[in-house]
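> return atomic coordinates for the entry below.
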Amino acid sequence: MSASIFDLLNRFDGRLSEYSASTVLFRKGDPVEHLFLVLDGEVRLARFLENGDQIVLQRAGPNSVLAEASLFSQYYHCDAICHQDAQVKPIRKYDVESHLAHNNQMAVSMAAHLAREVQATRLRAEVLRLRTVAERLDAWMAWHDDELPEKGNWRVIALEIGVSPEALYRELARRR
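Residues are numbered from 1 along each chain as shown. Next up is the predicted model:
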């Protein structure tokens, strides 16, 4: 089995930094100079609406790549904000581009990673298309082999399926 894109990128030079919750790593419109590896904590990619609401485009948790699509952009298309304290390692975009151009394993790993992200995004779009909390939860459960995380993490499911935590809790209680 080939190495994950996270493992391959983690071999690159970069200074591990500690950030507190609410720290902004970059803003929409900033030039793309780095990709970011999240080693611990959570960083979210978000766009803000005129009314102040935010749309979360990515929740990057431990051992994940943040804003990998930015590798193919000149400017960031959203803001990156630490949702909780996080350890983050920036990797220079130029270094990644150079390595991708000359390393087949790296290019294949990046393509595979991006393909999985597309699949997950399409599935999330289909889950959000469903009308009821029950239908959305059924789809989420099927996607996750019918396993719920620990009770303290159920709010994450509510975020992923686009319902309030209270609506999710009512549905889970109804199923018991």
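> can you check the pLDDT for residue 64?
At residue 64, the model reports a pLDDT of 95.
> let the chain start at 52 from now.
Got it, first residue is 52 now, which makes that one residue 115.
> pretty sure it contacts residue 57?
Yes. Assessed by CB atoms under 8 Å, residue 115 is found in contact with residue 57 at 6.5 Å. From N, CA and C alone the C-beta is placed, and that goes for glycine too.
> got any residues that touch both of those two?
residue 88 (CB atoms under 8 Å, 6 or more residues apart in numbering).
> for the chain, which spans come out with low pLDDT?
The chain contains residues with pLDDT under 70 at 52-53.
> show me where this structure has helices.
56-61, 144-153, 155-180, 184-194, 205-212, 216-226 (DSSP state H).
> of all those helices, which one is nearest residue 133?
helix 205-212 (16.5 Å; CB to CB).
> so which bits of that closest one are buried?
Residues of helix 205-212 classed as buried: 208, 209, 211, 212 (neighbour count, 16 or more other CB atoms under 10 Å).
> out of the helices of the chain, which one sits most buried?
helix 56-61 (a mean of 18; mean count of other CB atoms under 10 Å).
> circling back: max pairwise distance over the buried residues of helix 205-212: which two?
Top of the distance list for those (CB to CB): 209 and 211, 7.4 Å.
> quick one: the buried residues of helix 205-212 as CSV, columns for distance to residue 132 too.
Shown next, in CSV, are the buried residues of helix 205-212 (distance: CB to CB, whole Å):
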residue, distance to residue 132
208, 21
209, 20
211, 18
212, 22
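> closest one of those to residue 91?
Using CB to CB, these come closest to residue 91 at residue 211, 20.7 Å.
> list the contacts of the closest one.
Going by CB under 8 Å, 6+ apart, the list of residues near residue 211 reads 175, 178, 191.
> reformat these as TSV; add distance to residue 66.
Output for the contacts of residue 211, formatted as TSV (distance: CB to CB, whole Å):
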residue	distance to residue 66
175	33
178	38
191	37
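> distance-wise, check the residue lying closest to residue 190 once chain neighbours are set aside relative to residue 200.
Of all residues not flanking residue 190 in the chain, residue 178 sits nearest, at 4.6 Å (CB to CB, 6 or more residues apart in numbering). Separation of residue 178 from residue 200 (CB to CB, to the nearest Å): 16 Å.
> tell me who's in contact with the closest residue to residue 115 other than its chain neighbours.
Closest residue to residue 115 apart from its sequence neighbours, by CB to CB, 6+ apart: residue 89 at 5.2 Å. Taking CB under 8 Å, 6+ apart, we find residue 89 in contact with 111, 112, 113, 114, 115, 116, 117, 137, 138, 139.
> among those residues, name the buried ones.
So, of the contacts of residue 89, 111, 112, 115, 116, 117, 137, 139 end up buried under the neighbour-count rule (16+ other CB under 10 Å).
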